[in-house]
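Chemist: Return atomic coordinates for the entry below.
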Amino acid sequence: MSQVENDERASPDRLLRAFGGDPRRAIREETIVCLICQAAFRQITNTHLWTHETTSLGYKERFGYNRRRPLMCGALLRLYTERAIRSRLAARILRRPIVSNPELRCRGGHRPVALEEILNRREMQLARGASARGSNGSGRAT
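Modeler: Here you go, the predicted structure:
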């Protein structure tokens, strides 16, 4: 990482430039990089974020993460997921009707869309377009 981005008061655009404008690149298999101080952790905790005078929600909004995104590396996320399944905690989590029922989603409310969600949607559209072009045999759309 470049030490140029080490200034805590730098704009989110400048800090995200180190990751090509994609905050998802800060989350790796074994580490997650704090986009404020460029330090690598297994999990960005509220204690660490307090040193930057922010909260996890403020951090996620500032850098474009989805609100429900865990601020932890992939390996730790898998460990916690497996532990929740083994202890049957995952079975006790209630389903939200707005998520499981497409009719309710069509009526849905308005909410802010995070940069991470925009990037995920763009990648899905590109993947769908590539698979559609490859399925007609000619390699180009008709």
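Chemist: quick one: the strands in the chain?
Modeler: Secondary structure of the chain, counting by DSSP state E: strands at 32-33, 40-41.
Chemist: in its sheet, what does the last one sit against?
Modeler: I take that to be strand 40-41. strand 32-33 (antiparallel) (DSSP bridges).
Chemist: if we can go back for a sec, ok, which of the strands of the chain comes nearest Arg96?
Modeler: strand 32-33 (26.1 Å; Cβ to Cβ). From N, CA and C alone the C-beta is placed, and that goes for glycine too.
Chemist: contacts for the closest one?
Modeler: 1, 19, 26, 39-44, 71-73 (Cβ atoms under 8 Å, 6 or more residues apart in numbering).
Chemist: count of neighbours near Leu57?
Modeler: Neighbour count of Leu57, defined by other Cβ atoms under 10 Å: 11.
Chemist: The residue nearest to it when sequence neighbours are not counted: how many residues sit nearby?
Modeler: Once flanking residues are discounted, Leu57 sits nearest to Arg67: 6.9 Å by Cβ to Cβ, 6 or more residues apart in numbering. The tally of other residues near Arg67 (other Cβ under 10 Å) stands at 13.
Chemist: where do the helices sit along the chain?
Modeler: Under the criterion DSSP state H, the chain contains helices at 12-17, 46-51, 56-63, 74-86, 89-92, 97-100, 102-107, 115-135.
Chemist: is it possible to export those to TSV including distance to Val33 and mean pLDDT?
Modeler: TSV is the format used below for these (distance: least, Cβ to Cβ, whole Å; pLDDT from 0 to 100):
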stretch	distance to Val33	mean pLDDT
helix 12-17	10	69
helix 46-51	12	95
helix 56-63	11	92
helix 74-86	13	92
helix 89-92	28	77
helix 97-100	30	71
helix 102-107	33	71
helix 115-135	15	86
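Chemist: quick one: Gln38 and Ala18 touch, right?
Modeler: Yes. With contact defined as Cβ atoms under 8 Å, Gln38 counts as touching Ala18 (7.5 Å).
Chemist: Let me have the strands of the chain in JSON lines, extended by mean pLDDT.
Modeler: Below are the strands of the chain laid out as JSON lines (pLDDT from 0 to 100):
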{"stretch": "strand 32-33", "mean pLDDT": "94"}
{"stretch": "strand 40-41", "mean pLDDT": "94"}
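Chemist: That's all I had, so thanks and see you.
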